[in-house]
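Colleague: Mind folding the following:
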Amino acid sequence: MGRPLRPEVGAAVRLGEAPPATDAAVELRLKSLYYGDFRAVRDTDLTIRRHSVTALIGPSGCGKSTVLRSINRMNDLVRGFRLDGEVRFRGRDVYGKGVDPAAVRRGIGMVFQQPNPFAMSVARNVAFGLRLNGVRGGLDDKVEQALRGAALWDEVKDGLHKSALALSGGQQQRLCIARAIATEPEVVLMDEPCSAIDPVATLKIEELIAALKAKYTIAIVTHNLQQARGPGESTRPEPVATPISCARRASAGCPTRAGLGDSRRRRRSRPDARPPRGGRGRGSRPAGAWGAAR
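Modeller: Okay, here's the model as predicted:
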């Protein structure tokens with residue numbers, strides 16, 4: 001069984017700053033990930049290579065976000081979570097005894113599915129992590145550098161002291177990316193960063209991800225196969241997306257998509273099944289019915 005993820009008592013051991021001489025930025029060897037008694041993920045081996053975009057793609061509920069959040073120990077905050085295996089970063093297991101989770105997250109940043117800017121100015125949002133890590137000098141330059149890195153500077157340079165909540169959804173997500181890269185992490189994790197924004201903003205985020213891999217290592221969860229392949233990589237013959245091996249939901253009593261489909265087909269095939277309302281199929285409502293007065 002896995003070990004519970006609790007902060008170690010005593011002096012925390014920080015991860016070494018010098019990365020090992022290998023092409024792998026992060027190596028996962030996960031036997032099982034649990035939420036309480038539920039085995040959410042099993043038998044997952046994944047290598048995230050430096051200066052590349054690694055996509056985790058699969059059906060809803062298969063454990064993609066669980067695996068992604070385990071890389072920088074964000075699952076420590078979830079009650080009942082435990083891990084059996086190891087996640088190696090800079091040559092050390094991030095779940096090893098005495099490793100400081102805050103030190104792990106300084107080296108491995110995170111961008112979430114929903115844009116989550118703080119209720120403060122644009123500049124203070126970007127500088128938040130820097131101040132938290134004790135940086136005091138040159139904040140203005142670092143804020144500008146991060147905003148340029150997130151392709152947002154030209155859009156907000158005249159409103160740095162305005163509320164970040166006034167930005168559009170796509171701008172807020174790029175602001176969150178700027179906040180993540182301001183502390184110059186080695187790896188940036190993105191959990192479906194385009195799922196809650198419009199298509200135009202999605203295109204900007206995808207172009208930004210392609211540009212960021214020159215400086216950062218990126219791991220992204222997505223449902224979009226084209227997005228997983230990445231801009232300019234659609235003609236590569238080898239698969240770019242890394243599949244995730246996950247526990248069968250049926251083993252925990254959870255309905256699967258296949259099971260739900262089978263039950264729907266059985267209902268439709270029953271001779272006594274009730275026909276659709278009005279005896280007609282979907283889309284055959286008479287013209288003008290939507291506007292008819294009740």
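Colleague: In what element of secondary structure is the closest residue to residue 143 other than its chain neighbours found?
Modeller: Excluding its sequence neighbours, the residue lying closest to residue 143 (CB to CB, 6 or more residues apart in numbering) is residue 126, at 4.6 Å. (Each C-beta comes from the backbone N, C-alpha and C, glycine too.) Element membership for residue 126 (DSSP states H and E) is helix 122-132.
Colleague: Distance check, the residue nearest to residue 143 against residue 146.
Modeller: Between residue 126 and residue 146 the computed distance is 5 Å (CB to CB, to the nearest Å).
Colleague: hey, where'd the helices end up in the stretch 101-250 of the chain?
Modeller: Here the stretch 101-250 of the chain has its helices, by DSSP state H, counting those that start in this stretch, at 101-107, 122-132, 139-149, 153-156, 169-181, 199-212, 225-229.
Colleague: Least reliable of those helices by average pLDDT, please.
Modeller: Here the helices of the stretch 101-250 of the chain differ in mean pLDDT, and the lowest is helix 225-229 at a mean of 74.
Colleague: what about that helix, distance to the chain center?
Modeller: With CA atoms, centre = their mean, to the nearest Å as the basis, helix 225-229 stands 15 Å off its chain's centre.
Colleague: In it, which residues are buried?
Modeller: 227-229 (16 or more other CB atoms under 10 Å).
Colleague: do stretch 147-161 as well
Modeller: Under 16+ other CB under 10 Å, the buried positions of stretch 147-161 are 147, 149-153, 155-156, 160.
Colleague: Any chance of a markdown table for those, columns distance to residue 63?
Modeller: Formatted as a markdown table, the buried residues of stretch 147-161 follow (distance: CB to CB, whole Å):
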| residue | distance to residue 63 |
| --- | --- |
| 147 | 34 |
| 149 | 31 |
| 150 | 29 |
| 151 | 31 |
| 152 | 32 |
| 153 | 37 |
| 155 | 36 |
| 156 | 36 |
| 160 | 39 |
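Colleague: tell me the centre residue of this structure?
Modeller: Among the residues of the chain, the one closest to the centroid is residue 191, at 1.3 Å (CA atoms, centre = their mean).
Colleague: Does that one touch residue 65 like I think?
Modeller: Yes: if you go by CB atoms under 8 Å, residue 191 and residue 65 touch, sitting 5.3 Å apart.
Colleague: tell me the SS of residue 29?
Modeller: The three-state label given to residue 29 by DSSP: H, G, I helix; E, B strand; the rest coil is strand.
Colleague: quick revisit: quick one: contacts for the residue nearest to the centre of the chain?
Modeller: With contacts defined as CB atoms under 8 Å, 6 or more residues apart in numbering, the neighbours of residue 191 are 65, 68-69, 110-113, 220-221.
Colleague: what about the nearest residue to residue 159 once chain neighbours are set aside, distance to residue 41?
Modeller: Spatially, and ignoring its direct neighbours in sequence, residue 159 is nearest to residue 122 (6.5 Å; CB to CB, 6+ apart). Distance, residue 122 to residue 41, using CB to CB: 37 Å.
Colleague: Same question for residue 222.
Modeller: 17 Å.
Colleague: Can you list the low-confidence ranges for the protein?
Modeller: 1-21, 230-294 (pLDDT under 70).
Colleague: All the strands of it, residue numbers only.
Modeller: Along the chain, counting by DSSP state E, strands occupy 3-4, 24-35, 38-49, 53-57, 81-89, 92-93, 108-111, 187-191, 217-222, 241-243.
Colleague: quick one, the fourth one and strand 24-35 angle?
Modeller: Same thing as strand 53-57. 20 degrees (axes from the mean of the first three to the mean of the last three CA atoms, to 10 degrees).
Colleague: same check, this time on the third one
Modeller: Taking the same axes, to 10 degrees, one finds that strand 38-49 is oriented at 180 degrees with respect to strand 24-35.
Colleague: shouldn't residue 101 be in contact with residue 76?
Modeller: Yes: look at residue 101 against residue 76 with CB under 8 Å: they come within range, at 5.9 Å.
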